[in-house]
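The sequence and its predicted three-dimensional model are supplied below.
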2 protein chains.
Amino acid sequence: MMRTHYCGEVNREHLQQTVTFCGWAHRRRDHGGVIFIDLRDREGLVQVVCNPEQAETFKAAEGIRNEFVLKVTGVVRARPDGTVNTNLPTGEIEVVAQEIEVLNPSLTPPFLLDDEQLSENVRLTHRYLDLRRPVMQSNLKLRYRVAKTMRDYLDTHGFMEIETPMLTRSTPEGARDYLVPSRVHPGSFYALPQSPQLFKQLLMVAGYDRYFQITKCFRDEDLRADRQPEFTQVDIETSFMSEAEIMDMIEDMLRDMFKKVMDVDLPSPFPRMCYAEAMGRYGSDKPDMRIALEIIELTDIMRQVDFKVFREAADMEGGRVACLRVPQGGAMSRKEIDDYTDFVKIYGAKGLAYIKVNELAKGMEGLQSPILKFLTEPAVKSIIERSGASDGDLVFFGADKAKIVNEALGALRAKVGHERGFASKEWKPLWVVDFPMFELDEGNNRWQALHHPFTSPAEGHEHLLESDPGKALSKAYDIVLNGWEVGGGSVRIHRQEVQSKVFQALKISDEEAQEKFGFLLDALQYGAPPHGGLAFGLDRLVALMVGAESIRDVIAFPKTQRANDLLTQAPNVVDEAQLRELHIRLRQVDIAKS
Amino acid sequence: MMRTHYCGEVNREHLQQTVTFCGWAHRRRDHGGVIFIDLRDREGLVQVVCNPEQAETFKAAEGIRNEFVLKVTGVVRARPDGTVNTNLPTGEIEVVAQEIEVLNPSLTPPFLLDDEQLSENVRLTHRYLDLRRPVMQSNLKLRYRVAKTMRDYLDTHGFMEIETPMLTRSTPEGARDYLVPSRVHPGSFYALPQSPQLFKQLLMVAGYDRYFQITKCFRDEDLRADRQPEFTQVDIETSFMSEAEIMDMIEDMLRDMFKKVMDVDLPSPFPRMCYAEAMGRYGSDKPDMRIALEIIELTDIMRQVDFKVFREAADMEGGRVACLRVPQGGAMSRKEIDDYTDFVKIYGAKGLAYIKVNELAKGMEGLQSPILKFLTEPAVKSIIERSGASDGDLVFFGADKAKIVNEALGALRAKVGHERGFASKEWKPLWVVDFPMFELDEGNNRWQALHHPFTSPAEGHEHLLESDPGKALSKAYDIVLNGWEVGGGSVRIHRQEVQSKVFQALKISDEEAQEKFGFLLDALQYGAPPHGGLAFGLDRLVALMVGAESIRDVIAFPKTQRANDLLTQAPNVVDEAQLRELHIRLRQVDIAKS
């Protein structure tokens, strides 16, 4: 081996030892006729001292610039008093160089690794330099540790990793597929998988009992919301287990992983909340449970008021009136309230009514609000009572279709919570359960699957698939961590006749179902076991764990929001001959426009 | 949990215990008024006995057909004398059913799982049933165990798994790329990776020190030779290690894996042989070392003979004359020799000369061969001496370009070796080293990289890149197991000027190099460490370990040799709207022809 130790792992235990490192010159300083080199490798930094007495070594050191690759042999000694660096694990020692070999020089890098103000374009273009930054190294190490720890847990619990295909069949359902033209079959295409969903179900039908896979999935979607064209899923499926058993095991795996990777104790058990309650209290199916604010139902009360905005929303089918109390929010300025008003408009709210509670003892006089004049005293009183508002508080209102109220107040709750100090620092996982089977696609006036069409209806809800699909609940469960949906799954349908009923509810004809999912429908008829599972979005989970602003910071070679790889310049133009072999040609009109 | 035990894990230790299984009815027999069900799950079979006294259970059992999914509760008892099945781990016990629940019925499967004569088309079309067969379950379990054991080894040795992109840049070099049209960038395409080669080198430049990844790679090639469009690679790369150190570690990993997975002790160390010797003695760079036959050099001797066929090959530049002695091969019939002659013609040999050694004591009289009349007695004598032939042996000859002689005699050696009992049953790994940097592409009269253009030249061979590229050796190494190349790798070029020289030798212009590999050339200038690695073909390694006839038997959902997925019917025709979004159209002329 070239090295005896990594730079970052040498300390007082190695005093007087001769050590050899291989690494990069992170920084060079000349000080009092002595050259100091901070040598860096994967495990950290160590200070190398080059004295002029060692003439040859000193000469070598003089030629060294940032990012030169070096092999350094020297003796470990304690740093002189007053020069100890307590911020560095190796800060108590330094290494007196006896021999320095330049293994490879470096041009001057286009940016300093310490620079925290780099544009993402610069970072991604020179990703091999950006990836040298300790924060990126630490992110990718943690990502690996997360995957490894989960793999080990699943192995111990009888799961086997089985690879499913990357070149699969296109099913124009859900997101847009990435397509791959076939050379052998002119006019035909493979699709890159959006998830291994159907294959993992087939593995259960095939009797593999406990499957997992950490694998790439693909969605050709617009990338605004911190998404990537390719992302990594921790995909888990098991047979003969109930929802509750699957959830127990999954949360046990997460506890094990957080403990081992972050030394964090997640609660046991995780709280479980039904979808309806999550929407009601938090306006979201992925509430951030760190935030000590709740949305309060007012719809019933507002059916009695005259104020048109509230009354109409309360009476509307699917309407909702609700409020969010902000303790001590009375101190908010007009400007702050205006900003929150603009914020909720993003979610379709028409405005943001509020009441400031100055002094309850003064009755209506003690309140301050533009809407006060539209409300009777009893109505206001019941709002105050219901919301629990007290002196100094502010109450925000939402009144519209429930969907808009939930999204607006749900987002407002998160924003106000984080900005005004209502968020704790803990890790707060939550299971959300009892999802509806379907949601109405209002544009087409059709039911669509809230999770996916292979999700089993809840016990006893099977008959609702025909009679009242909107009321049918499913055996789906999402795992939410600090307001992020990090995983989701369900017990699947294992009986062909139930699967057919779901397709009927979704207005998927028998022919269409047979054409798209025929192999699954067939498989369900040949002894499919009860089965279910869950998938984690690994990128998002890791981003959350390291506190990254974007999932791009936990992916070694991500794409930009325009789906470009700036490092290798992909996608790129290919040879005409390649296209001809694939039996396709470009649509010139599009190219001309672009 | 629904089950208390897997079927396959119950034995005499569980006598008198009440157990619950979930599994499939593998077989049902009625015998003496009692119903026997072999219940199957991932871990094996157990015999369930249903007595008519348990009326309800018996009734349920009567309705059970093959592949029904059952939940069975019963009591474990010893099988009566004379009914013990020693072939089955559970063969000493049976379970008396107390309760049987049909979790899901099954249609009559299109084939019996025990049928060993199934066509592959039938198997792949109903893969979810085919995958229930114990041999497939055992193959995929072993595959998982191989991957897991390697992952654990690499983890222990400081490697981290880092994911590299699936949507990459097309570089029309080597095999054909699978292309993915970009929706966002009209006229541009991603390529699916043929290997993570460049990304793993960039990770070394980025200082990750020890990387691995078990990942899918893609090659759009013709599939005759048991290949798949997508295959799995165990990809390993490390910095600051020499060839010898990398090879030591890799073979240690393989020993560890074979021991843990198969309880096989591979030799320590693995033998190492240079490329030239492997070609000389075995006519192959992946010789099957189980076979106790060797090719013997005759070129030098044959420069002196008059026999035109031998003399011309010996005098030809790049020609070779060699022989293969088959101990006791004298017993071969005319028909057998003709068959071997047809066999070597596949490899371009024009014929297959031979000498049968009947009785050496009789001199030329004791030999039998159509070519004897062309050879002088001294020439024959030296052949006999060199080959070590003795009474009863047969000697085959090859005389042609070395490439043809090597391929023909190399393949003949393997065929004769296996057919005539010269192959041992051991596991025989071998490192082949000291490969040439380049081989001549005779069609274009150009050098091409024998491994890939990022392979480092051997120590001291750098100057040959310009002066005599054909003589330059590389720091490449292949790992060969029982005649299969299961892995290959090299120390890479880490200095930009060396990389440029290699591109020059390959007649890749600066512009072309910059266009295709600019990001790598750049990266090499910013402090690239010495680095190298290796990649295993996981499919082939596992196929070898389980003795599968095809890698398709160790892949859950493989493609056919026409690159079809018969289960999901991929590739398939997609909507015109999808193509329009991707800015491509079909070449109708191709479609019409197809």
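Yep, that arrived.

from here on, contacts and neighbour counts on C-alpha atoms
Fine.

Which helix or which strand is home to the residue nearest to A:P453 when sequence neighbours are not counted?
Sequence neighbours aside, A:V502 is the residue nearest to A:P453 in space, at 6.7 Å (criterion: Cα to Cα, 6 or more residues apart in numbering or on different chains). Under the criterion of DSSP states H and E, A:V502 resides in helix A:496-505.

Next, see if whichever helix or strand comes after that helix gets close to chain B.
In the C-terminal direction, the helix or strand that comes right after helix A:496-505 (DSSP H and E) is helix A:510-524. Yes. If you take Cα under 8 Å from any Cα of the partner chain as the test, helix A:510-524 does meet chain B, through A:F519, A:A523.

Tell me the strands beside the following helix or strand past helix A:510-524, with direction?
The helix or strand immediately downstream of helix A:510-524 is strand A:531-537, counting by DSSP H and E. The strands that strand A:531-537 pairs with in its sheet are strand A:230-239 (antiparallel), strand A:484-491 (antiparallel) (by DSSP bridges).

Do you have the helices of the stretch 201-350 of chain A handy? List them.
A:243-262, A:275-282, A:299-302, A:308-315, A:334-345 (DSSP state H, counting those that start in this stretch).

Looking at the ones you listed, which is nearest to chain B?
helix A:243-262 (7.0 Å; Cα to the nearest Cα).

and that closest one, average pLDDT?
Averaging pLDDT along helix A:243-262 gives 97.

what about the lengthiest strand in chain A, distance to the chain center?
Assignment by DSSP state E gives strand A:18-31 as the longest strand of chain A. Relative to the centre of its chain, strand A:18-31 is centred 38 Å away, using Cα atoms, centre = their mean, to the nearest Å.

Okay, now the unreliable bits of chain A?
A:1, A:172-173, A:225, A:589-594 (pLDDT under 70).

what secondary structure does A:Q561 sit in?
Classification of A:Q561 by DSSP: H, G, I helix; E, B strand; the rest coil places it in coil.

What number of residues are in the vicinity of it?
16 (other Cα atoms under 10 Å in any protein chain shown).

how about the residues of the stretch 351-500 of chain A near chain B?
So the stretch 351-500 of chain A meets chain B at A:H494, A:R495 (Cα under 8 Å from any Cα).

Any idea which residue of the stretch 351-500 of chain A lies closest to chain B?
Closest point on the stretch 351-500 of chain A to chain B, by Cα to the nearest Cα, is A:R495, at 7.1 Å.

where does the nearest residue to A:Q98 once chain neighbours are set aside land in three-state SS?
Leaving aside its sequence neighbours, A:Q98 sits nearest to A:G74 (Cα to Cα, 6+ apart; 4.8 Å). Put simply, A:G74 is strand when judged by three-state DSSP.

A:I355 now?
Assignment for A:I355 (three-state DSSP): strand.

now the angle from the longest strand of chain A to strand B:230-239?
70 degrees (axes from the mean of the first three to the mean of the last three Cα atoms, to 10 degrees).

Next, the buried residues of strand A:18-31.
Residues of strand A:18-31 classed as buried: A:T18, A:V19, A:T20, A:F21, A:C22, A:G23, A:W24, A:A25, A:H26, A:R27, A:R28 (neighbour count, 16 or more other Cα atoms under 10 Å in any protein chain shown).

for stretch A:354-364, same thing?
Result for stretch A:354-364 [16+ other Cα under 10 Å]: buried residues A:Y354, A:I355, A:K356, A:V357, A:N358, A:E359, A:L360, A:M364.

the longest helix in chain A is where?
As assigned by DSSP state H, the longest helix anywhere in chain A is helix A:134-156.

Skip ahead from that one and say which helix or strand is next.
Next along from helix A:134-156, by DSSP H and E: strand A:160-161.

Can you tell me the strand partners of that next one and which way each runs?
Strand A:160-161 has these strand partners (DSSP bridges): strand A:210-218 (parallel).

what comes into contact with the partner strand?
Strand A:210-218 is touched from outside by A:147, A:154, A:158-163, A:177-178, A:192-196, A:200, A:203-204, A:229-239, B:166, with contacts defined as Cα atoms under 8 Å, 6 or more residues apart in numbering or on different chains.

mind running it again at 6 Å?
A:159-161, A:193-195, A:229-238 (Cα atoms under 6 Å, 6 or more residues apart in numbering or on different chains).

Of those residues - the most surrounded one?
A:E237 (27 neighbours).

Confirm for me that that one is in contact with A:G533.
Yes. In terms of Cα atoms under 6 Å, A:E237 counts as a neighbour of A:G533; the distance is 4.0 Å.

where do the helices sit along the stretch 51-200 of chain A?
Using DSSP H, counting those that start in this stretch, helices in the stretch 51-200 of chain A cover A:55-62, A:120-125, A:127-130, A:134-156, A:197-205.

who touches the last one?
This means helix A:197-205. A:A528, B:Y128.

That helix to helix A:510-524, inter-axis angle?
Using the same axes, to 10 degrees, helix A:197-205 lies at 40 degrees relative to helix A:510-524.

What residues of helix A:197-205 count as buried?
Result for helix A:197-205 [16+ other Cα under 10 Å]: buried residues A:Q197, A:L198, A:F199, A:K200, A:Q201, A:L202, A:L203, A:M204, A:V205.

same deal with the second one?
Residues of helix A:120-125 classed as buried: A:R123, A:L124, A:T125 (neighbour count, 16+ other Cα under 10 Å).

Closest one of the residues you listed to chain B?
Using Cα to the nearest Cα, the buried residues of helix A:120-125 come closest to chain B at A:T125, 8.8 Å.

got the contact list for the closest one?
A:L566, A:L567.

at 10 Å instead, please
For A:T125, the contacting residues are A:D565, A:L566, A:L567, A:T568, A:Q569, B:F519, by Cα atoms under 10 Å, 6 or more residues apart in numbering or on different chains.

so can I have CSV of the residues you listed showing distance to B:E317?
Shown next, in CSV, are those (distance: Cα to Cα, whole Å):
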residue, distance to B:E317
A:D565, 48
A:L566, 49
A:L567, 46
A:T568, 43
A:Q569, 45
B:F519, 41
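
rewinding a little: mean neighbour count and distance to B:E549 added to the helices of the stretch 201-350 of chain A, as CSV?
Output for these, formatted as CSV (neighbours: other Cα atoms under 10 Å in any protein chain shown; distance: least, Cα to Cα, whole Å):
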stretch, mean neighbour count, distance to B:E549
helix A:243-262, 18, 38
helix A:275-282, 20, 51
helix A:299-302, 20, 69
helix A:308-315, 20, 69
helix A:334-345, 15, 63
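
returning to what we had before: identify whichever of the strands paired with strand A:531-537 lies nearest to B:R65.
strand A:230-239 (20.5 Å; Cα to Cα).

ok and that closest one relative to helix A:134-156, angle-wise?
Using the same axes, to 10 degrees, strand A:230-239 lies at 20 degrees relative to helix A:134-156.

hey, C-alpha coordinates of strand A:230-239 in PDB?
Provided in PDB are the C-alpha atoms of strand A:230-239 (Å, rounded to 0.1, in the frame of the first residue of the first chain):
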ATOM      1  CA  GLU A 230     -33.600   9.600 -12.700                       C
ATOM      2  CA  PHE A 231     -34.000   9.000  -9.000                       C
ATOM      3  CA  THR A 232     -33.300   6.200  -6.500                       C
ATOM      4  CA  GLN A 233     -35.900   4.200  -4.800                       C
ATOM      5  CA  VAL A 234     -35.600   1.800  -1.900                       C
ATOM      6  CA  ASP A 235     -38.300  -0.600  -3.000                       C
ATOM      7  CA  ILE A 236     -39.700  -3.200  -0.600                       C
ATOM      8  CA  GLU A 237     -42.400  -5.800  -1.000                       C
ATOM      9  CA  THR A 238     -43.500  -8.700   1.200                       C
ATOM     10  CA  SER A 239     -46.100 -11.400   1.200                       C
END
